[in-house]
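> return atomic coordinates for the entry below.
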Amino acid sequence: MSGTQFQEIEHKFVVSEAFDSEAFDAACRALKPNYDKSLQVRDTYHVLANRSDVVLRHRLDAEIQQLTLKTREVDPEVRVEVNLALDNRIDQTDAVQNLLKYLGIAATYDIQKDIQVFEFDDCEIVRYRASHAGREVFCVEFEAVDCPNVEEALSVLRQYETQLGFDAAARSPVNLLDLLVPENPIHS
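Have a look, this model is predicted:
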């Protein structure tokens, strides 16, 4: 994902806790990813007062720290993200919160994620467990990378999904925040 603003084109599948992650990971590895890594991630979502069209996310893990604006679409298959890379040598949570208090934050939610990432030239596949306030969800996401247009990106997603036993018709049209925090102020 190059640049600070781009169209995110992804499919999210909610799977059960009993999902065979070992078999799935082995199938992903058989496709020869460029990178294969596990990370623990803290995503803090900030819902703006009087704005239902965007949400802000502060991401912090061992590799990156970002402040991201995500558009909220009826169907999150295609949406805009604007990423600001932050210095990852120190936790900048306090600085982010101090900045955002001037934007009128209606609510803040911490989501913890344990992720397994498989990066290919044209797709990033992420299997994860996400939790917030005692709720958990298990997901597999396919995100197209560096595709020149939406049609090609969707073709890339279908290719990986088919190889790994997923059907785009079964994807979840609900974003992660709404899955874990259905009572959030801008739940759509």
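
> for this protein, which segments are assigned as helices?
Counting by DSSP state H, the chain has helices at residues 21-30, 93-100, 150-163, 176-180.

> among the ones you listed, which is nearest residue 138?
helix 21-30 (8.5 Å; CB to CB). For every residue, glycine as well, the C-beta is placed using N, CA and C.

> what is the closest one packed up against?
strand 105-119, strand 123-132 (3 or more CB pairs under 8 Å, 6 or more residues apart in numbering; DSSP states H and E).

> just send the ones you listed back as TSV, with distance to residue 82, mean pLDDT and mean neighbour count too.
TSV is the format used below for the helices and strands packed on helix 21-30 (distance: least, CB to CB, whole Å; pLDDT from 0 to 100; neighbours: other CB atoms under 10 Å):
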stretch	distance to residue 82	mean pLDDT	mean neighbour count
strand 105-119	17	97	17
strand 123-132	18	98	20
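
> mind putting those strands into a markdown table with distance to residue 149?
Formatted as a markdown table, those follow (distance: least, CB to CB, whole Å):
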| stretch | distance to residue 149 |
| --- | --- |
| strand 105-119 | 21 |
| strand 123-132 | 15 |
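
> so which of those strands comes closest to residue 37?
Using CB to CB, the helices and strands packed on helix 21-30 put strand 105-119 closest to residue 37, at 5.2 Å.

> returning to that earlier point: looking at the helices of the chain, which is buried most?
helix 176-180 (a mean of 20; mean count of other CB atoms under 10 Å).

> okay, it in PDB with CA atoms only?
Output of helix 176-180 as PDB, limited to C-alpha atoms (Å, rounded to 0.1, in the frame of the first residue of the first chain):
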ATOM      1  CA  LEU A 176     -14.800  -4.400  12.100                       C
ATOM      2  CA  LEU A 177     -15.900  -1.600  14.400                       C
ATOM      3  CA  ASP A 178     -19.600  -2.300  13.800                       C
ATOM      4  CA  LEU A 179     -19.000  -6.100  14.300                       C
ATOM      5  CA  LEU A 180     -17.400  -5.600  17.700                       C
END
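
> other residues contacting that helix?
Residues outside helix 176-180 that contact it (CB atoms under 8 Å, 6 or more residues apart in numbering) are 12, 14, 43, 45, 55, 109, 111, 130-133, 135, 137, 139, 172, 184, 187-188.

> same thing but 7 Å
The contact list for helix 176-180 (CB atoms under 7 Å, 6 or more residues apart in numbering) reads 45, 55, 109, 111, 130, 132, 135, 137, 184, 187-188.
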